[in-house]
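> Pasting the sequence and the predicted model now:
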Amino acid sequence: MHSALTRRRLLGAAVGSIAVVGTGSASGDSRGRRRSERLDRAVRAQVDERYTEIYDETIDAVVLVNVFGDEIPAGLGSGFVVDDYVVTNDHVAGDASEVELQFRDEQWRSASVIGSDVHSDLAVLEVDDVPEAASALSFTDAEPTVGQEVLALGNPLGLDASISQGLVSGIDRSLPSPTGFSIPAAIQTDAPVNPGNSGGPLVDLEGDVLGVVFAGAGQTIGFAISAALANRIVPTLAEDGEYEHAYLGVSVVPVGPLLAEANDLEESRGVLVADVSSDAPAEGVLEPADDVESIDGDPVPVGGDVIIEIDGEEIPNQERLSSVLALETSPGDAVEIEVVREDERETVELTLEPRPDVDLP
């Protein structure tokens, strides 16, 4: 197997060979270029062969998810087999209790929606008789890295058993959610994804699942719900049908230069507590901003706690706050929060609760 790094090293070696030959004659330059081109083609052929191998190893586990309403198709997306069930997006399953799955070999199966979570946009489907060819995929335990090669598998625009290639363009992204809470720790990719890809797997070059595709941002940018988040939520959905997320109950804004200036902070780091929800765990423990100051015509909140650490984990921004709460805490956990309050560092403690029910639009 040749990774992107291996390919770059080999191509680098080819470039080096050109440099050496370049000290000789023009015919030597020509031979060096031809040798380099042959090496380049050989390496690319091996990389492309690996893409084909991964496709063959994984595609039988990928399904087309059909959601029917009044006996007509009401929506479609993708999913994939994990253990003895199928994972997809909550927005793909929607309000359905039953969906129809089409496997790559054209076999159809009915599936029950046995668990769903709108906060993470994940759902679990139960299938009585998974085709033998559909070997289950596994979520990776490895952290995604920017620049890592990935493959998106699924059914864009209903075109079944498709594959597209790209890179991890960013990590720790926040995705919008109809609940008002963002989906944290998401992966950004330039692998082309379109409506219909949602719910399919984003896999690495080992064939392990890095995330669950979240399509809809556009053809040149896509996202996936991270394996780290799915690993916490999917087993509980399969077992209990629902998942409780840790709830702090604050609205925060990042501490940029203007906010740091307005609050006489020594450095621009952390998140300022702009508001605390009523009856939330943070009520009476964390202090929200109590005023607004205008700097260069921009309104800036002042006077609230600045969260800089939770249980020893640094909180540089909103995305990290959401990720720590989602990936490292649970309702009922007592957490220590380090804040800057009136120019002094303090540590406060509170107990997290489950997120309250939300009224969806």
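Right, received. Where do you want to start? Everything quoted here is computed from the prediction, not taken from an experiment.
> so what are the domain limits for the protein?
Domain ranges of the chain: 4-59, 149-230, 246-354, per automatic domain parsing.
> Compare these and report which one is nearest to residue 240.
Residue 240 lies closest to domain 246-354 among the domains of the chain, at 12.8 Å (Cβ to Cβ). Quick note: C-beta positions are derived from backbone N, CA and C, even for glycine.
> Now do that closest one: distance to the chain's middle.
Chain-centre distance of domain 246-354: 24 Å, with Cα atoms, centre = their mean, to the nearest Å.
> Span of that domain from start to end?
Using Cα to Cα, to the nearest Å, one end of domain 246-354 lies 5 Å from the other.
> Check the model's average confidence along it for me.
Domain 246-354 shows a mean pLDDT of 94.
> ok, now stretch 165-181?
The model assigns stretch 165-181 a mean pLDDT of 92.
> Identify each buried residue in that stretch, please.
Residues 165-169, 171-175, 177, 179, 181 are the ones in stretch 165-181 that count as buried (16 or more other Cβ atoms under 10 Å).
> what do you get for stretch 238-255?
So, applying 16+ other Cβ under 10 Å, buried residues of stretch 238-255: 238, 243, 245-250, 252-253, 255.
> what about residue 328, neighbour count?
15 (other Cβ atoms under 10 Å).
> Residue 29 too?
Neighbours of residue 29 using other Cβ under 10 Å come to 14.
> do the same with residue 124
Residue 124 sits with 28 neighbouring residues when counted by other Cβ under 10 Å.
> Now do the SS call for it.
At residue 124 the chain is in strand, as set by DSSP: H, G, I helix; E, B strand; the rest coil.
> measure the closest residue to residue 191 other than its chain neighbours to residue 155 for me?
Excluding its sequence neighbours, the residue lying closest to residue 191 (Cβ to Cβ, 6 or more residues apart in numbering) is residue 166, at 2.9 Å. Per Cβ to Cβ, to the nearest Å, residue 166 is found 17 Å from residue 155.
> again with residue 142
Residue 142 is 26 Å from residue 155, where distance means Cβ to Cβ.
> Name the residue in the two with the higher neighbour count.
Neighbours were counted for residue 142 and for residue 155 using other Cβ under 10 Å; residue 155 has more, 26 against 13.
> OK, contacts around residue 162?
153-156, 197 (Cβ atoms under 8 Å, 6 or more residues apart in numbering).
> Buried subset of those, written for ChimeraX?
Listed next is the ChimeraX selection for buried residues among these, using 16+ other Cβ under 10 Å:
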select :153,154,155,156,197
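> Of the contacts of residue 162, just say which sits nearest to residue 105.
Distance ranking of the contacts of residue 162 against residue 105, using Cβ to Cβ, places residue 155 first at 14.4 Å.
> Let's test this: mean pLDDT of stretch 121-135, rounded?
Throughout stretch 121-135, pLDDT has a mean value of 95.
> Next, the buried residues of it.
Within stretch 121-135, judged by 16+ other Cβ under 10 Å, the buried ones are 121-125, 127, 130-131, 134.
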